[in-house]
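Student: coords please:
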Amino acid sequence: MYATDNVYAIDSVESGMMKIQDIGVALIGAGFMSAVHTEALRRVGVNLIGILGSTPEKSRVAANRLSLPVAYETLEQLCNDQRVHAVHVNTPNRWHLPQASAALNAGKHVMNEKPLAMDAHESAQLVALATANPHLATGVNYNNRYYALCREAREHVRTGKVGRLFHVTGSVAQDWLLYDTDYNWRTLTAEQGELRALADIGSHWLDLVHFITGLEVESLCADFTTVHPVRKRPLGEVETFSGKSSDEKLTETEDIPITTDDYGCVLIRFAGGSRGVVWVSQVSPGRKYRVGFEIAGQNKTLNWNSEECERLWIGRRDGPNELLLRDPSLLSEFALGSTDYPGGHSEGYPDSFKMCFRSFYEYIAANDFTVPPTYPTFVDGHRDILLCEAMVKSYQTGGWVSI
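Tutor: Next comes the predicted model:
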């Protein structure tokens, strides 16, 4: 059992029927994201029960690697485990609907990786199922909301300090699919859906900007391209972000046609008159994972990116610009809820997962499901999928699409 690592308030939340450490959690999916989730969940302090991989052997390997007690052989076995109160779904997108539905129908809370589902038809089904089970928490892991300075930016916008919003720009950039020899299940339409870069990582930007500004997309115009229409797939699957040894580089490959996007750009018209633009790339050399935004308003500009996540740049016309460093003594009360360590003690990517999951499990522990959720929900995930489908339509028609 791991204690929560909140250095200011290490006591577990106790309210309603259980303490956080009494909430049993199981994971579905044995790849990169389940390792990230496991680490964050241990820091939150829940009771980790086990994991389900795509095969019984992969379940056993993952359970051993992550030091989890149970290696489930089937989804049915996991759903029937009465020790499990919540399930994290970290599998390829085509499995999200059946696995999340099975967990909900078994009375489990669900935290789903994004995108929520393959398309809006599937995500609408999940929203309907969540609505039919109001006593169950249904979350989507939009972890970027939980960087402390993103929450501070929200306070600047929502309290009127930025003034009327003129435009929002930004990007999400990676290089892990730069070469045609870079391959992962995410490149396949059958596993990922029609969009890849714009849906897989662009959805993070869409959610983050909506969370900070509250702006609703009114219409959009999108363009995207597939840099590598053929990729070389090793004879055997490749884990997300896995490194390549010299032996792996010599592995026999087969050519696989690719139609999902490596790069995309979207012009946005927000309700109320604000404008926006975002570009997304998984073929930008040197960028490992950079989410960034710039929000320009009447009074100031806010600029932040995840590679320098401890800094929020604040620009002014009639006064000195400011670089706000993450320091609890300088942050708003809202942002304080997503920072544990003193200034100068770095927090970053792993901490954003911890904060997202802490919000989710504190809500469950409070046991009052009439209160509005404090975490990203299936409704948020559905909204982003609707936007992604509008992007596809815009690209196909070569024009603007209303939402």
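Student: max-length helix in the chain?
Tutor: If you go by DSSP state H, the chain has its longest helix at helix 378-397.
Student: Helix or strand next in line after it, which one?
Tutor: Per DSSP states H and E, the first helix or strand lying C-terminal to helix 378-397 is strand 401-402.
Student: Need the residue closest to the centroid of the chain.
Tutor: Nearest to the mean C-alpha position of the chain, by Cα atoms, centre = their mean, lies Tyr142 at 3.3 Å.
Student: Against Pro257, how distant is it?
Tutor: Tyr142 sits 31 Å away from Pro257, going by Cβ to Cβ, to the nearest Å. For glycine as for every other residue, the C-beta is placed from the backbone atoms N, C-alpha and C.
Student: just Ala100 next, same as before
Tutor: Taken as Cβ to Cβ, the span from Ala100 to Pro257 is 29 Å.
Student: what about those two, which has more around it?
Tutor: A side-by-side neighbour count of Ala100 and Pro257, using other Cβ atoms under 10 Å, places Ala100 first with 28 against 10.
Student: wait, isn't the more buried one in contact with His109?
Tutor: No: between Ala100 and His109 there is no contact under Cβ atoms under 8 Å: 10.6 Å.
Student: what residues do these two have in common as contacts?
Tutor: Val87, Thr138 (Cβ atoms under 8 Å, 6 or more residues apart in numbering).
Student: Give me the buried positions along the helix or strand containing Met111.
Tutor: Assessed by DSSP H and E, Met111 sits inside strand 109-112. Neighbour counts over strand 109-112 (16 or more other Cβ atoms under 10 Å) mark His109, Val110, Met111, Asn112 as buried.
Student: From Gly160, how far out is the residue of the chain most remote from its centre?
Tutor: The outermost residue of the chain, judged against the average C-alpha position, is Asp318 (36.9 Å), by Cα atoms, centre = their mean. Using Cβ to Cβ, Asp318 is found at 17 Å from Gly160.
Student: swap in Glu347?
Tutor: If you go by Cβ to Cβ, the gap between Glu347 and Gly160 works out to 27 Å.
Student: likewise Asp81?
Tutor: Distance, Asp81 to Gly160, by Cβ to Cβ: 49 Å.
Student: Which one's more surrounded, those two?
Tutor: Asp81 (18 against 11).
Student: Just to be sure, the more buried one is in a helix?
Tutor: No: secondary structure of Asp81 (DSSP: H, G, I helix; E, B strand; the rest coil): coil, not part of a helix.
Student: thought it was touching Ala26?
Tutor: Yes: look at Asp81 against Ala26 with Cβ under 8 Å: they come within range, at 6.9 Å.
Student: where does Leu195 fall, phi/psi-wise?
Tutor: Main-chain torsions, Leu195, degrees, to the nearest 10: phi -100, psi 150.
Student: Per-residue pLDDT of it, please?
Tutor: Per-residue confidence (pLDDT) for Leu195: 92.
Student: surely it meets Thr260?
Tutor: Yes: Leu195 lies in contact with Thr260 (Cβ under 8 Å); the separation is 6.6 Å.
Student: what lines up beside the strand or helix carrying Glu254 in the sheet?
Tutor: For Glu254, the element it lies in under DSSP H and E is strand 253-257. Strand 253-257 pairs in its sheet with strand 230-234 (antiparallel), by DSSP bridges.
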